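1. coords below, sequence missing:
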């Protein structure tokens, strides 16, 4: 992959970064599980950032970079599906989007305007009408919701369905990359500041090596996801999400271990990223389904 | 699968004679088993699911009085006390049977019955014996005030001050991670009374009244939805000199007595509880329709082996203690084995639970680590690789004290 950003791409990624920076801190009075921010959503809408992928000079790669950066914000905003999946839906559908997989609760389902329904290999679309969904209480740092009844749906043909699944894999993988990076960043800061036995925790080699291993994994997740966004190849999408879901399990645990007991409380923000990582781990069939897809799509 | 688990249970380590060197304890085992059959509160898991801390505390008190009335809450106390005078081998049997019966854990009273009682018995004055031990038996709740925000793994660096003023000490500072601190009547407090010498040298140990003026407690809300820990703040709290344990400056040694008080029994019990909870995973596989999933079955098989090994390691450790052959580092192996295995156990539960495990399930109180609310169980397993000496601290102990490898340089400061 030739990864030389054009001036247009650089301008957009800089602009997204500037907006994200305004939302990078956790409100001091927040000690809960779900943190959202309508102002960020509004800002992105007004600046037309949800349309990045449809602009030929920018494309899915730039959109993926925006998703990765925004996923590092402590507030959860539905960006990945809107930026990377909405453009590939056949017909006219509105954001925000959400996925309902096998009828189970999903992220952003209650507030979504369009639902992507995945059931036993088939993919369908539905408009979220009043009374169709309800919010679900969850530990996960996303607003979760579920279907209340069977919706009126448009079932996609197999080609469209496969394309939507590919886009979902890329969107989930790049969102995971942002979450993993944010978790690593928060932990590095903790290890650099906290002292035990008279020295910063980050000077203990047992911890440094684990952090380095995790940083390597995060880099791999990010590059595979960007490559998949750029190439649009189904095999790349499966590889990207497979690596993201494989890496997420280890990194979520390691970051909590490094953060120690404080990371297990609502007073630190680590759970905002690790619980989101956990939510993404089991999406689209989880690691097993991704591994199977890699086998089918990457080998003759 | 269930049938195989049952067969395996009948060949459990606990039935092997090597684990009961003190003689044949079949009578005690049968007695405890019979009593538990009649007395473990039926449906307590369901009753303790989704309840608030106050209801949990009430249930714990009720179970404590039942258990202590039968003499099974204080088997480690000396013979002159009700239920006391049991050998370590007998204590092990009692805890194994409690695990087997899936009885509630006495979380509220653990510090009282072990840490407080054993510390007072070993290091306290006769006046402290007379004053506190009967109260503990009467249900007084104690908490531990050791860790501080900046003194966790490095406990000796704690900064809470104890300043001597004639016949009393004045305490100022903050403690954290005090289990059930918000319900405690008394606190085992380790505070700094001097700054000369190594950090351990300036510590003094107190029995502090949690109702004293200047004590405030704040529950800590955890990411599992629980709030079993508390922060304690001390603002000019006065402690009479009679409530000091040991000499001024000898608090570190007293604290070691506190930490050694449970003598490996906790991990014997918890390992056994994990073993008896294995069928829970099989039931979850059945109800989730994945009972024939080859990968999950293979993982379950591997887990059963690890759980059995964790039980064996805990058993061996206790045997070493009984026979006086315990070596430095043995306890670290038990702790490391248990924490890693618990993570594997709950991780498998989470895999079986799949997306459905993402609902916010009500918290089950008093049920150790295996509740079937898989995400909560899994996140709670993280606590065990941190609390009571993190896995990293245990690995350092094993490397330095058992393998004889050099210590990490203590004075190496990061520059830049």
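-> Yes, it's here. Keep in mind that what you see is a predicted model, and the values were worked out from it rather than measured. Residues are numbered from 1 along each chain as shown, chains lettered A, B, ... in the order given.

2. now do the contacts for the residue nearest to the spatial centre of chain B.
-> For chain B, the residue nearest the mean C-alpha position is residue B:266 (5.8 Å; C-alpha atoms, centre = their mean). Shown in contact with residue B:266 (C-beta atoms under 8 Å, 6 or more residues apart in numbering or on different chains): residue B:110. C-beta coordinates here come from the backbone N, C-alpha and C atoms, glycine included.

3. so which helix or strand takes in it?
-> Per DSSP states H and E: residue B:266 is located in helix B:265-276.

4. what are the buried residues along that helix?
-> Buried positions in helix B:265-276, judged by neighbour count with 16 or more other C-beta atoms under 10 Å in any protein chain shown: B:265, B:266, B:267, B:268, B:269, B:270, B:271, B:272, B:273, B:274, B:275, B:276.

5. for stretch A:86-105, same thing?
-> In stretch A:86-105, counting by 16+ other C-beta under 10 Å, buried: A:86-89, A:93, A:95-101, A:104-105.

6. cool, stretch A:199-218 as well?
-> Buried residues in stretch A:199-218, counted by 16+ other C-beta under 10 Å: A:199-204, A:207, A:210-211, A:214-215, A:217-218.

7. what's the answer for stretch A:143-151, then?
-> Quick answer for stretch A:143-151 (16+ other C-beta under 10 Å): A:143, A:144, A:145, A:146, A:147, A:151.

8. give me the distance between the two termini of it.
-> With C-alpha to C-alpha, to the nearest Å as the measure, stretch A:143-151 spans 20 Å from end to end.

9. what's the neighbour count on the closest residue to chain A within the stretch 1-150 of chain B?
-> Residue nearest to chain A within the stretch 1-150 of chain B: residue B:150 (7.2 Å; C-beta to the nearest C-beta). Residue B:150 is flanked by 14 other residues according to other C-beta atoms under 10 Å in any protein chain shown.

10. then residue B:249?
-> Neighbour count for residue B:249, taken as other C-beta under 10 Å: 18.

11. residue contacts, it?
-> Shown in contact with residue B:249 (C-beta under 8 Å, 6+ apart): B:193, B:194, B:201, B:202, B:203, B:204.

12. kindly report the same for residue B:129.
-> Each residue near residue B:129 by C-beta under 8 Å, 6+ apart is listed here: B:120, B:121.

13. break chain B into its domains for me.
-> According to automatic domain parsing, chain B comprises the domains B:16-123, B:140-259, B:270-402.

14. quick one: average confidence on the shortest one?
-> The predicted model assigns domain B:16-123 a mean pLDDT of 88.

15. is any residue of it near chain A?
-> No - using C-beta under 8 Å from any C-beta of the partner chain, domain B:16-123 stays clear of chain A, with a minimum separation of 11.8 Å.

16. which stretches of the chain form strands?
-> Since no chain was named, I'll use chain A. Assigned by DSSP state E, the strands in chain A fall at A:97-101, A:106-107, A:114-119, A:122-127, A:133-136, A:144-147, A:154-155, A:195-196, A:199-200.

17. sorry, I should have been clearer: chain B.
-> B:142-145, B:161-165, B:168-179, B:186-192, B:203-209, B:215-220, B:229-240, B:244-245.

18. quick one: the residue of the stretch 1-150 of chain B closest to chain A and residue A:197 touch, right?
-> No - counting by C-beta atoms under 8 Å, residue B:150 stays clear of residue A:197, with 11.4 Å between them.

19. what residues are shared contacts of the two?
-> residue B:157.

20. for chain A, which spans come out with low pLDDT?
-> Counting by pLDDT under 70, chain A contains low-confidence residues at A:1-2, A:300.

21. quick one, longest helix in it?
-> helix A:158-193 (DSSP state H).

22. could you check it and say which residues are buried?
-> For helix A:158-193, using 16+ other C-beta under 10 Å, the buried residues are A:160-161, A:163-184, A:186-188, A:190-191.

23. quick one: contacts for residue B:191?
-> B:158, B:160, B:161, B:162, B:169, B:171, B:173, B:203, B:204, B:206, B:251.

24. list the beta-bridge partners for it.
-> Residue B:191 has the following beta-bridge partners by DSSP bridges: residue B:204.

25. what's the pLDDT at it?
-> Note on residue B:191: pLDDT of 97.

26. look up the closest residue to residue A:242, ignoring the ones flanking it.
-> Using C-beta to C-beta, 6 or more residues apart in numbering or on different chains and skipping the chain neighbours, the partner closest in space to residue A:242 is residue A:290 (3.7 Å).

27. distance of the one you found from chain B?
-> Applying C-beta to the nearest C-beta, to the nearest Å, the value for residue A:290 to chain B is 14 Å.

28. how close does that residue get to residue A:246?
-> Taking C-beta to C-beta, to the nearest Å as the criterion, residue A:290 is separated from residue A:246 by 8 Å.

29. neighbour count for the two, which is higher?
-> When neighbours are counted by other C-beta under 10 Å, residue A:290 and residue A:246 differ, and residue A:290 comes out ahead with 25 against 17.

30. is the more buried one in contact with residue A:245, as I believe?
-> Yes - the pair residue A:290 / residue A:245 is scored as a contact, 5.9 Å apart, by C-beta under 8 Å.

31. gap between residue A:123 and chain B?
-> 17 Å.

32. check contacts around that residue.
-> Under the criterion of C-beta under 8 Å, 6+ apart, the neighbours of residue A:123 are A:116, A:117, A:155, A:156, A:160, A:161, A:164, A:165.

33. what about the residue lying closest to the first one once chain neighbours are set aside, distance to residue A:172?
-> Put plainly, it is residue A:116. Of all residues not flanking residue A:116 in the chain, residue A:99 sits nearest, at 4.8 Å (C-beta to C-beta, 6+ apart). As judged by C-beta to C-beta, residue A:99 and residue A:172 stand 9 Å apart.

34. what sits in contact with each of those two?
-> Shared contacts of residue A:99 and residue A:172, defined by C-beta under 8 Å, 6+ apart, comprise residue A:283.

35. ok now do the residue most central in space within chain A, which residues does it touch?
-> Centroid check for chain A by C-alpha atoms, centre = their mean gives residue A:175 as the closest residue, at 2.3 Å. Shown in contact with residue A:175 (C-beta under 8 Å, 6+ apart): A:67, A:68, A:71, A:79, A:80, A:280.

36. next: residue A:132.
-> Going by C-beta under 8 Å, 6+ apart, residue A:132 touches A:115, A:126, A:147, A:148, A:149, A:151.

37. let me know whether the third one touches residue A:102 as I believe.
-> Just to be clear, that refers to residue A:147. No - using C-beta under 8 Å, residue A:147 is not in contact with residue A:102; the gap is 10.8 Å.

38. near chain A, which residues of the stretch 151-300 of chain B?
-> B:151-154, B:157, B:176-177, B:220-225, B:295.

39. and the furthest pair within those?
-> Spatially, the most separated pair among those is B:157 and B:295, at 45.9 Å (C-beta to C-beta).

40. out of those two, which sits in the more crowded spot?
-> Taking residue B:157 and residue B:295 together and counting by other C-beta under 10 Å, residue B:157 has the greater number of neighbours (17 against 10).

41. just checking, that one touches residue B:151?
-> Yes - between residue B:157 and residue B:151 a contact is recorded at 4.7 Å, counting by C-beta under 8 Å.

42. joint contacts of those two?
-> Between them, residue B:157 and residue B:151 share these contacting residues under C-beta under 8 Å, 6+ apart: residue A:196.

43. low-confidence ranges, the stretch 251-400 of chain B, go.
-> Scanning the stretch 251-400 of chain B for pLDDT under 70 picks out the ranges B:263, B:355, B:358-360.

44. what bridges to the closest residue to residue B:209 other than its chain neighbours?
-> Leaving aside its sequence neighbours, residue B:209 sits nearest to residue B:186 (C-beta to C-beta, 6+ apart; 6.2 Å). Beta bridges link residue B:186 to residue B:142, residue B:209 when assigned by DSSP bridges.

45. just give me the neighbour total for residue B:186.
-> 24.
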